[in-house]
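J.: How does the following fold in three dimensions:
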Amino acid sequence: MNEDMRYVDFHTHILPEMDDGAKDLSESLEMLRLLREQGVGAVCLTPHFYPYREGPEDFLERRQRSFSLLLPRARELGVRLVPASETFFTDTVLNLPDLSALCMRDAQGRRYLLTELPFSSSFSARTLDRISRLMGVHGVVPVLAHIERYPKLFSDAGKIDELIEMGCLMQMNLEALDGGFFQKRKALRYIRDNMIHVVGTDSHNTRTRPPAYLPGITAVERALGKEAAAQLSANARQIISGSLADGA
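T.: Numbers count the residues shown, from 1 in each chain. Modelled structure (predicted):
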């Protein structure tokens, strides 16, 4: 692996004209360029999928059109792409016939779904039961998106452990390491204790929510060592190993 392209951005809204992310192809390309300059060699494309707004067929058709525009240009930049989604979890998701195309796959074909819950979620026994049903009904591994945004979860290491023991994985936005002292300390502790599995920028544009990968990952390297940062990307590469588009 090229040492200068060692990182994986697991959570982005770079696909053009898909959601509240990149407004057009030009902005998408600028976001990819910024990530490449920061050493990111693989980018997971995770546009919002709200199953109560549109069906998966319509979403996937839109995603394919957008992806087809971006992929050739990503090849030119030397950035590999993974088409996926950030799926908002409602009971509607449990009733969908197939989530495969919304997921990332590893080399063994195991499917991983970047899963968003309401920020106000209490992560009660009922919520955990519904997540367990998602795993059982669809055979997917939920990767809970930006866990630092769920106050009831991020403040409760025991709850995170419980979800991990169920088979879930945890994704954190790197901007959590730019927060206050206590949030940063907690985030670093969770990474140290292998309670954060993958990280991303959750970037939406080049202005207010740009793809700022390097500041957060550098904070990890300084506090915990380069091995800890490398493990986060190794985890991500394992998850996406069966989904990488030929962009490099």
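
J.: quick one, longest helix in the protein?
T.: For the chain, the helix with the greatest residue count under DSSP state H is helix 56-77.

J.: Report the rounded mean pLDDT for it.
T.: The average pLDDT within helix 56-77 is 97.

J.: Just the residues contacting that helix, thanks.
T.: Residues from elsewhere that reach helix 56-77, judged by CB atoms under 8 Å, 6 or more residues apart in numbering: 14-18, 25, 28-29, 32-33, 36, 43, 45, 47, 49, 80-81, 83, 85, 96, 98-99, 101-102, 245-248. No exception for glycine: its C-beta is placed from N, CA and C like everyone else's.

J.: Give me the buried entries from the residues you listed.
T.: Burial by neighbour count, 16 or more other CB atoms under 10 Å: within the contacts of helix 56-77 this picks out 14-18, 28-29, 32, 36, 43, 45, 47, 49, 80-81, 83, 85, 99, 102, 245, 247.

J.: quick one: low-confidence parts of the protein?
T.: Low-confidence segments of the chain (pLDDT under 70): 1-5, 245-248.

J.: which residues in it form helices?
T.: Using DSSP H, helices in the chain cover 25-37, 56-77, 91-95, 125-138, 151-154, 157-166, 181-192, 214-224, 226-240.

J.: For H204, find the nearest of these.
T.: Closest to H204 of those, according to CB to CB: helix 25-37, at 8.8 Å.

J.: Would you pull up how far that closest one lies from the middle of the chain?
T.: Remark: helix 25-37 is offset 17 Å from the chain centroid, using CA atoms, centre = their mean, to the nearest Å.

J.: same for that helix, what does it pack against?
T.: Here helix 25-37 touches strand 7-12, helix 56-77, going by 3 or more CB pairs under 8 Å, 6 or more residues apart in numbering; DSSP states H and E.

J.: Pick the most deeply packed of those.
T.: Comparing those by mean neighbour count (mean count of other CB atoms under 10 Å), strand 7-12 comes out on top with a mean of 28.

J.: Can you name the residues that contact D20?
T.: 13, 48, 204.

J.: Any chance of a markdown table for these, columns neighbour count and distance to S66?
T.: Formatted as a markdown table, the contacts of D20 follow (neighbours: other CB atoms under 10 Å; distance: CB to CB, whole Å):
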| residue | neighbour count | distance to S66 |
| --- | --- | --- |
| H13 | 23 | 11 |
| H48 | 16 | 13 |
| H204 | 20 | 15 |
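
J.: And those residues, which is closest to R6?
T.: Among the contacts of D20, and counting by CB to CB, the member closest to R6 is H13, at 22.6 Å.

J.: For A22, which non-adjacent residue is closest in space?
T.: S28 (4.2 Å; CB to CB, 6 or more residues apart in numbering).

J.: correct me, but that neighbour touches M18?
T.: No. If you go by CB atoms under 8 Å, S28 and M18 don't touch, sitting 9.4 Å apart.

J.: Nearest the geometric middle of the chain, what residue?
T.: H11 (3.1 Å; CA atoms, centre = their mean).

J.: Of the helices of the chain, which is nearest G109?
T.: Proximity to G109 (CB to CB) singles out helix 226-240 among the helices of the chain, at 12.1 Å.

J.: Contacts for that closest one, please.
T.: 6-8, 10, 42, 44, 82, 104-107, 112, 143, 169, 191-192, 194, 196-199, 217, 220-221.

J.: So which bits of that helix are buried?
T.: Across helix 226-240, burial judged by 16+ other CB under 10 Å covers 228-229, 231-233, 235-240.

J.: All set now, cheers.
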